[in-house]
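Participant: just the structure for this:
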Amino acid sequence: MWHFIRWLMGGLVVAVLATVVADRSAAAGDEIFVSIGTGELSGVYYPVGKAICLIVNQDIRVHGVRCSPEATPGSVYNIEALRDGQVDFAIIQSDVEFAAYNGKGAWLGHPFSDLRAVMLLYPELVTVMARANTPIHDLPDLAGRRINVGGRDSGTRATWDAIEMGLGWRGSERVHPVELRPDATISALCNGVIDASFMIVGHPSPAVAAQRLACAVSFVSVEGLAIDKLVRDHPYYQYGTIGAAYGIGTETPTFGVRATLVASASVDTRTAAVVARELLTHISELRAMLPALSSLTVGEMPKDEQNAPLHPGAALIYTELQGHE
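Facilitator: Okay, here's the model as predicted:
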């Protein structure tokens, strides 16, 4: 009898909590404001953050959470903004997520143990483009070249640094890094100011499409023993190819990460649950908003490939939705 009562009470607690998350009507003046750290205005993360907030805000009268996307320099900056409480949520690369939570790389000795995963978004592939009339076809051809590798606080730059370290390049072998905004890269590559553009993007990418329209470019193969070791040794990397999304018959091999929506553990359970519920129950709308989000699926979200623990609010919603499958 006592076991039955404990089971019944546990079920009531879960039911009440789910009801509070799902059906609470926001009283006037009782809104909760949350911000999402994204990326540069001309990049992909900002429109993704904007799409996320549009979805969350459409039901604001029900749940009382108002979302605002904030332009930032990128993933590395977003981690510190989360830690300092400047933003509540952020979009970051999965390799940056892993490094920050586990105290690796830039976070060696000071891990961000309060980092929490909320939602896997989309694959982001290392994408290198060079002018078609140059002898740059694969990774070794980049040695000593002028390459746009992203800003110092971006996840793109962090990934390039990992690649170059894996290659073991020293002295004149190292690339000459150029830090350009995504919208400035197109003319720089076409005009020969840089030899190649290094990006990490979801495909199809408007930035890649714009570059291909501006001048003749080709994708650079990113493969080899150094890349194999990176993928083998790091759970957040995965192989991929580029081509089909742009109608190209030949696929170019590469590898990449996943864009991930994260939060700080300081974000309360209900607020995180509201954001997770809104996004996971409006997947089709998110897919239609941006090409990068076209492959979103609920089933992939809570897999073990998350590089930081799930936020309790997100975990609650995943459990609830799985129970209705």
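Participant: show me what Ala90 is bridged to.
Facilitator: Beta-bridge pairing of Ala90 under DSSP bridges involves Gly37, Val262.
Participant: which pLDDT value belongs to it?
Facilitator: Note for Ala90: predicted pLDDT of 98.
Participant: got a list of what it touches?
Facilitator: With contacts defined as C-beta atoms under 8 Å, 6 or more residues apart in numbering, the neighbours of Ala90 are Ile36, Gly37, Thr38, Thr72, Ser75, Asn78, Ile79, Ala81, Leu82, Leu261, Val262, Ala263. Backbone N, C-alpha and C define where each C-beta goes, glycine included.
Participant: neighbours of the third one, how many?
Facilitator: The reference is to Thr38. 28 (other C-beta atoms under 10 Å).
Participant: tell me which element the closest residue to it other than its chain neighbours falls in.
Facilitator: Distances taken as C-beta to C-beta, 6 or more residues apart in numbering place Gly49 nearest to Thr38, at 3.6 Å, with adjacent residues excluded. Taking DSSP states H and E as the criterion, Gly49 maps to helix 45-57.
Participant: quick one: buried residues of that helix?
Facilitator: Tyr45, Tyr46, Pro47, Val48, Gly49, Lys50, Ala51, Ile52, Cys53, Ile55, Val56 (16 or more other C-beta atoms under 10 Å).
Participant: and that helix, average pLDDT?
Facilitator: Helix 45-57 comes out at a mean pLDDT of 96.
Participant: ok, and what's touching it?
Facilitator: If you take C-beta under 8 Å, 6+ apart as the criterion, helix 45-57 is touched by 36-40, 65-71, 74, 91, 121, 259, 261, 274-275, 278-279, 282, 285-286, 289-290, 292-293.
Participant: next step: these restricted to strands.
Facilitator: Ile36, Gly37, Val65, Arg66, Cys67, Ser68, Pro69, Glu70, Ile91, Leu121, Ala259, Leu261 (DSSP state E).
Participant: could I have the buried ones of these as ChimeraX selection syntax?
Facilitator: Buried subset of the ones in strands among the contacts of helix 45-57, written as a ChimeraX selection, criterion 16+ other C-beta under 10 Å:
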select :36,37,65,67,69,70,91,121,259,261
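Participant: which one of the ones in strands among the contacts of helix 45-57 is nearest to Asn191?
Facilitator: Ala259 (30.0 Å; C-beta to C-beta).
Participant: which non-adjacent residue is nearest that closest one?
Facilitator: Nearest to Ala259 is Leu121, by C-beta to C-beta, 6+ apart, at 4.2 Å.
Participant: right, and that neighbour touches Val262 too?
Facilitator: No - the criterion here is C-beta atoms under 8 Å, and Leu121 misses it with Val262 at 10.3 Å.
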